[in-house]
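Trainee: here's a sequence, model it:
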Amino acid sequence: MKKRFGRHATRGMTLIEIMVVLVLLGLIAAAIGVNVFNQLKEGQIKTAKLDLKALENGIDLYHVETGNFPDGLGQLAPKYLKEVHKDPWQMDYVYVRSGESYDLFSYGPDKAQGGGDDITLHGGGSAGGG
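Mentor: I've put the predicted structure just below:
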């Protein structure tokens, strides 16, 4: 006996059902994307802080060995640091020397001075003991 399939036997998905599935997938992707973006931003900030600490160590080594602070970060490579690279936002780190102290900066995600997202490190002063 042959089985016959009626018109309603093989029903496909309607346009509304497909749209509901796409909206749900979009919401899931958005939730995951926001979380990943926040983790990326936090990772970039931590990387900048570690880079500034490495630069501080290089500057302090330079100071111990020469008795002076460098005029610029370029003087640290390759002896005191393997290389002086850019911050996670592809901007140069800023080094400002003032007497027996210095400041190191990354302007942060907005790539501009100020704005509350700058990452700074103050070095020198009495830290060198000499």
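Trainee: what's the weakest-modelled helix or strand in this protein?
Mentor: For the chain, the helix or strand with the lowest mean confidence is strand 119-124, at a mean of 87 (criterion: mean pLDDT, DSSP states H and E).
Trainee: where does the protein have low pLDDT?
Mentor: 1-10, 126-130 (pLDDT under 70).
Trainee: could you pull out the helices in it for me?
Mentor: Secondary structure of the chain (DSSP state H): helices located at 15-66.
Trainee: who's in contact with the residue nearest to the spatial centre of it?
Mentor: The structure's the chain has its C-alpha centroid closest to residue 44; by CA atoms, centre = their mean the separation is 1.6 Å. Contacts here follow CB atoms under 8 Å, 6 or more residues apart in numbering; on that basis residue 44 touches 88, 89, 109. The C-beta positions use only the backbone N, C-alpha and C, and glycine is treated the same way.
Trainee: now these in CSV, with distance to residue 68 and neighbour count?
Mentor: Written out in CSV, the entries for the contacts of residue 44 read as follows (distance: CB to CB, whole Å; neighbours: other CB atoms under 10 Å):
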residue, distance to residue 68, neighbour count
88, 30, 19
89, 30, 14
109, 34, 17
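Trainee: and which of these is nearest to residue 117?
Mentor: Nearest to residue 117, judged by CB to CB, of the contacts of residue 44 is residue 109 at 5.5 Å.
Trainee: who's in contact with that closest one?
Mentor: For residue 109, the contacting residues are 41, 44, 89, 117, taking CB under 8 Å, 6+ apart as the criterion.
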